[in-house]
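[1] Provided below for reference: sequence and predicted model.
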Amino acid sequence: MFCNQCGTETLPEHKFCKNCGAVQGTERVVQSAANGAQVEAAGLQVQQVTPGNVPVGQASGASGVMPGLIPGAVPGVYYVNPQAMAHPATAHQTNLLHGLQARLQSLASTESLEGFSLPQMFSEVFKRRSGEAVEEYILVGMAKTTPSIEMVETGWPKPWLFFRLLAALVIAYFALTFLFMQTGNTNFIPGMMFLGAFAVPLATLTLFFELNTPRNVSIHTVGKLFLMGAIVSLAVALLGYSLPIFDISDMEAGVVEEVAKLLTVVVVMRSVRYKYILNGILFGAVVGAGFAAFETAGYALNDGFLQGLLPTIVQNGSLSHQVMALAMHRGVIGMLQILRLRGILAPLGHVAWTALAAGAFWRVKQDKKTSVAMLFDKRFLKAFMIPVVLHAIWDAPWQLPFSGNQILTGIVAWYVVFGLVQQGLRQVKEEQKAQLQTTLATVEAEMQPEAAAAAAN
């Protein structure tokens, strides 16, 4: 509450302003039902002030009205905007967040998420299920196991299988790590590296497998694309890095690797059979997961294991049993550090980026044959710039503490991905409506001769 005379903030129980001593005569007024509904819907309050005593002080503009007060149709009545009256820093942060959100939606050609809730989405993660239920859930995408379009759920999916796979792989990883630490047996090292590099990417692509509500992609197709996509995308990326215009700097990885992964998805999965946006999102996630897993394994070997192993041998100048044991231990420790860090960050990087890019491409492609012109579609190009820029920020030489670059870019990527998922669900819903209309038209056409015959009789 503010003084009518000088604009100083006062308490409701104060009869006089502590700054200028003016009598405080401000009171609340009740508007008509229609006007009150509009004000309530806008989240505004109504305040009555006496003519000539409009609140001032912190004034802006020619009217001298305090920011946050909006003149109403009735003289002397002002609407109070709570957001404008909030702390300047809070209001700035809110405006900045809304501006970023609007910009992302404009680039990605998506809308605000409707009915989306993370707790609701993952509400069935810990629900008990029988082995038969799990098998039925997995065995989809074949001619006899793909549901008809009328049976497809169009609400936000509730995935749960990804968590079971993640738990199983992580438990196996820590079990091998424990056995190695206890025994020093080097036979456990390849298994530790494999599980550490593949656990989180595989679980994340399983999440996208569950988000593909048409259920028209089989596990066989996913597995084939995972291996083939990883190898092809890595090869294309290496070819891109060999071009003279690139010097393999961190920032350029965003262009080279995102183009390599997207081209792999487009070339390998060019069949017109998979027409849904959700299919494209899944294919992108699979290729991104394969790329991430193999890349992590390479970093774990070169920047982790060998960087810990070789310097220890060189420093000691011998290959004695004690030196080799120490070198092996240091190499494994370095490898585990990389595996754990990249494992935690895996869902925020390659998997989400390629899912975003491929989903945007499938939004253009749908049930048409793939053409080069689709890659230059304006709506696709704008969306594709998002993962390219996010990848560049991820690898930027300037880094925020506590992996801030990776966390922030990951949140942005998933926000856009969920926007594309929402469009994919709407696409399925629109096809359901079209199918229903076609069915009704067919039934009506079949009934017309019968109705005519009955009328003739």
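    Good, I have the coordinates.
[2] Does anything pack onto the helix or strand harbouring A297? Which helices or strands?
    Here A297, judged by DSSP states H and E, is contained in helix 277-299. Under the contact criterion of 3 or more CB pairs under 8 Å, 6 or more residues apart in numbering; DSSP states H and E, helix 277-299 touches helix 188-211, helix 219-241, helix 253-268, helix 321-345, helix 350-365, helix 404-456. Where you see a C-beta, it was placed from the backbone N, CA and C, and this is true even at glycine.
[3] Assumed Y137 was part of a helix.
    Yes: assessed by DSSP: H, G, I helix; E, B strand; the rest coil, Y137 belongs to a helix.
[4] nearest residue to it other than its sequence neighbours?
    Leaving aside its chain neighbours, Y137 sits nearest to L161 (6.4 Å; criterion: CB to CB, 6 or more residues apart in numbering).
[5] what does I277 give?
    G424 (3.7 Å).
[6] Helix, strand, or coil at L243?
    Going by three-state DSSP: L243 is coil.
[7] about what we covered before: tell me how many other residues crowd the residue nearest to Y137.
    Residues lying near L161 (other CB atoms under 10 Å) number 18.
[8] Check the gap between it and V125 for me.
    Distance, L161 to V125, using CB to CB, to the nearest Å: 9 Å.
[9] just A260 next, same as before
    33 Å.
[10] now the residue nearest the centre of the chain: how far from V222?
    Per CA atoms, centre = their mean, the C-alpha nearest to the average position across the chain is that of W414, at 0.9 Å. In this view, W414 and V222 are 20 Å apart by CB to CB.
[11] before we move on, the earlier item: out of the helices and strands packed on helix 277-299, which comes closest to R129?
    R129 lies closest to helix 188-211 among the helices and strands packed on helix 277-299, at 13.1 Å (CB to CB).
[12] Let me know the average pLDDT across the closest one.
    Helix 188-211 shows a mean pLDDT of 96.
[13] likewise stretch 340-359?
    Averaged across stretch 340-359, pLDDT comes to 96.
[14] List the buried residues in that stretch.
    342-343, 345-359 (16 or more other CB atoms under 10 Å).
[15] Nearest to V388, out of the helices and strands packed on helix 277-299?
    helix 253-268 (4.8 Å).
[16] Which strands or helices does the closest one pack on?
    Counting contacts by 3+ CB pairs under 8 Å, 6+ apart, helix 253-268 packs against helix 219-241, helix 277-299, helix 350-365, helix 378-394.
[17] Could you single out the most deeply buried of the ones you listed?
    The highest mean neighbour count among those, using mean count of other CB atoms under 10 Å, belongs to helix 350-365: a mean of 29.
[18] which secondary structure elements does it contact?
    Partner elements for helix 350-365 (3+ CB pairs under 8 Å, 6+ apart): helix 188-211, helix 253-268, helix 277-299, helix 378-394, helix 404-456.
[19] can you tell me the average pLDDT over the last one?
    Meaning helix 404-456. Rounded mean pLDDT across helix 404-456 is 89.
[20] Give me the distance from that helix to the chain's centre.
    23 Å (CA atoms, centre = their mean, to the nearest Å).
[21] any idea of the angle it forms with helix 350-365?
    40 degrees (axes from the mean of the first three to the mean of the last three CA atoms, to 10 degrees).
[22] relative orientation of helix 404-456 and helix 277-299 in degrees?
    Using the same axes, to 10 degrees: helix 404-456 against helix 277-299 is 150 degrees.
[23] Report all helices and strands that helix 404-456 contacts.
    Applying 3+ CB pairs under 8 Å, 6+ apart, one finds that helix 404-456 contacts helix 88-108, helix 277-299, helix 350-365, helix 378-394.
[24] Is it correct that F126 falls within a strand?
    No: judged by three-state DSSP, F126 forms no part of a strand; its state is coil.
[25] Can you give me the neighbour number for it?
    A count of nearby residues for F126, using other CB under 10 Å, gives 9.
[26] ok, it to T206 distance?
    16 Å.
[27] repeat for L400
    Distance of L400 to T206, computed by CB to CB: 30 Å.
[28] So the two - more neighbours on which side?
    Comparing L400 with T206 by other CB under 10 Å, the one with more neighbours is T206, at 24 against 12.
[29] is it true that that one touches L161?
    Yes: counting by CB atoms under 8 Å, T206 touches L161, with 5.7 Å between them.
[30] Pull up the overlap in contacts between the two.
    Contact criterion CB atoms under 8 Å, 6 or more residues apart in numbering; residues shared by T206 and L161: none found.
[31] show me what contacts the residue nearest to the centre of the chain?
    Contacts of W414 by CB under 8 Å, 6+ apart are 347-348, 352.
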